[in-house]
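Q: Coordinates for the following, if possible.
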Amino acid sequence: MKYLAITLCLFISQLGFAQDDVFDLLEVKQNKEYAYATFKATQLVNSATNETPGAGVLQYIIAHRFGSFGEDYLYNFLGLDNAQIRMQLDYGITDRLNIGIGRSSVFKVVDSFVKFRTLRQSSGPSPMPISLTLLSSVNYRGARYTDGVDHLASDRLSYHHQAIFTRKWNSKLSTLFSPSLVHWNLVPAVEDPNSTYNATLGARYKLTKRMALTGEYSLIGNKSYSDGSVFTVPFGVGIDIETGGHVFQFHLSNTRAMSTPYWLSRNSYSALNGGLFLGFNISRVFTLRD
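A: Next comes the predicted model:
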């Protein structure tokens, strides 16, 4: 009887070890994988994407908007004579935190911004279906006012705060949804809103290994001011071309300004009246530290 009990104990223990071995074989270990290159550039057309340059990477962007089709287009050398320019320099403090400055010739606006990748789309354990990036900027108008009023420095300031939701659906298609708030310290009259709410829809579709089709369309919360100013919905379509450390973005849009508060919530150009602009963005990155 004693030997039978010992034999049963040994048999049961072996069954337990065998069961553990079976579970080990059935267990599939998964690693967390993050979505990579949802968008190739930090801008889509005018709107910001979820991308940042990366830790220790300095990025330089130069952007042009030529004259509109309605401004004696051929006489002005396909709009080149009326071109506007913006330059931007930004730096990746970490892979998720980005700061930068820019200067636009439209209203001589100087801006600074901070951008943080809060959530990253991932698969595997505890998957995240989307990416979320937060962006805030302050903008200073340097152009002189022509209303004869001695303006305070604070009158020249505007602010932009944005949440950028993105998703990479597959190797070709990525989409973007960006609700935002624009605040102006100075508006024409007390009945005009200082703050406006807006939302941008955007997408990128990869055509080839180095070329992609892009587009964006923004919904705006305020379409006029009491002084008679009328604002239109901004949109743009373009082509991204990747060449090594450069990304060339050629596009057609109904906006001339390149500082976000101005193109997003105070765009006065209508495509129906010839208010279309050819333009491009060129970005170049420099790795300053490993």
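
Q: Checking the closest residue to H151 other than its chain neighbours next. Helix, strand or coil?
A: Closest residue to H151 apart from its sequence neighbours, by CB to CB, 6 or more residues apart in numbering: Y145 at 5.4 Å. Every C-beta, even on glycine, is put in place using the N, C-alpha and C of the backbone. Y145 falls in the coil class when you classify it by DSSP: H, G, I helix; E, B strand; the rest coil.

Q: Distance of Y145 relative to R86?
A: With distances taken as CB to CB, to the nearest Å, Y145 is found 21 Å from R86.

Q: out of those two, which sits in the more crowded spot?
A: Each of Y145 and R86 has its neighbours counted (other CB atoms under 10 Å); R86 has more, 21 against 12.

Q: Report the buried residues of the strand or helix carrying the more buried one.
A: Using DSSP states H and E, R86 falls within strand 84-92. Within strand 84-92, the residues scored as buried using 16 or more other CB atoms under 10 Å are Q84, R86, Q88, D90, Y91, G92.

Q: Most widely separated two among those?
A: Q84 and G92 (27.3 Å; CB to CB).

Q: what lines up beside the strand holding R86 in the sheet?
A: Here strand 84-92 is paired, per DSSP bridges, with strand 57-65 (antiparallel), strand 97-104 (antiparallel).

Q: Show me the one of those that comes nearest Y217.
A: Going by CB to CB, the one of the strands paired with strand 84-92 nearest Y217 is strand 57-65, 17.7 Å.

Q: Let me see the residues that make contact with that closest one.
A: Residues outside strand 57-65 that contact it (CB atoms under 8 Å, 6 or more residues apart in numbering) are 42-43, 53, 83-92, 100, 102, 253, 255-256, 258, 277-288.

Q: Would you show me how to pick out the buried ones of those residues in ChimeraX?
A: Here is the ChimeraX command that selects the buried residues among the contacts of strand 57-65 (16+ other CB under 10 Å):
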select :42,43,53,83,84,86,88,90,91,92,100,102,253,255,256,258,277,278,279,281,283,285
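
Q: For the nearest residue to I220 once chain neighbours are set aside, report the pLDDT, please.
A: Closest residue to I220 apart from its sequence neighbours, by CB to CB, 6+ apart: N198 at 5.1 Å. pLDDT for N198: 98.

Q: Can you pull out the low-pLDDT segments for the protein?
A: Counting by pLDDT under 70, the ranges of the chain that qualify are 1-30.

Q: make it 80
A: Where the chain drops to pLDDT under 80, the residues are 1-30, 244-245, 290.

Q: can you give me the strands in it?
A: 33-34, 57-65, 84-92, 97-104, 109-119, 122-123, 131-141, 157-168, 173-184, 195-206, 211-220, 235-243, 246-253, 277-287 (DSSP state E).

Q: Which residues does the third one contact?
A: By CB under 8 Å, 6+ apart, the list of residues contacting strand 84-92 from outside reads 42, 52-65, 98-106, 113, 115, 256-259, 288.

Q: just the last one next, same as before
A: By CB under 8 Å, 6+ apart, the list of residues contacting strand 277-287 from outside reads 41-43, 53-54, 56-69, 78-79, 245-256, 269.

Q: Write the PyMOL selection for whichever of these are buried.
A: Of those, the buried ones can be selected in PyMOL as follows, counting by 16+ other CB under 10 Å:
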select buried, resi 41+42+43+53+57+58+59+61+63+64+65+66+67+68+69+79+247+248+249+251+252+253+254+255+256+269
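
Q: ends of stretch 46-55, how far apart?
A: Start-to-end span of stretch 46-55 (CA to CA, to the nearest Å) is 24 Å.

Q: hang on, I meant stretch 122-129
A: Stretch 122-129: ends 7 Å apart by CA to CA.

Q: So for it, what gets flagged as buried?
A: Buried-residue list, stretch 122-129, by 16+ other CB under 10 Å: S122.

Q: Touching that stretch from outside, list them.
A: Contacts of stretch 122-129 (CB under 8 Å, 6+ apart): Q30, N31, K32, E33, Y34, A35, L119, R120, Q121, R167.

Q: Adding neighbour count and distance to N185, write those residues out as CSV.
A: As requested, the contacts of stretch 122-129 are exported to CSV (neighbours: other CB atoms under 10 Å; distance: CB to CB, whole Å):
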residue, neighbour count, distance to N185
Q30, 10, 51
N31, 7, 49
K32, 12, 44
E33, 12, 45
Y34, 12, 39
A35, 19, 38
L119, 15, 31
R120, 19, 34
Q121, 20, 36
R167, 16, 35
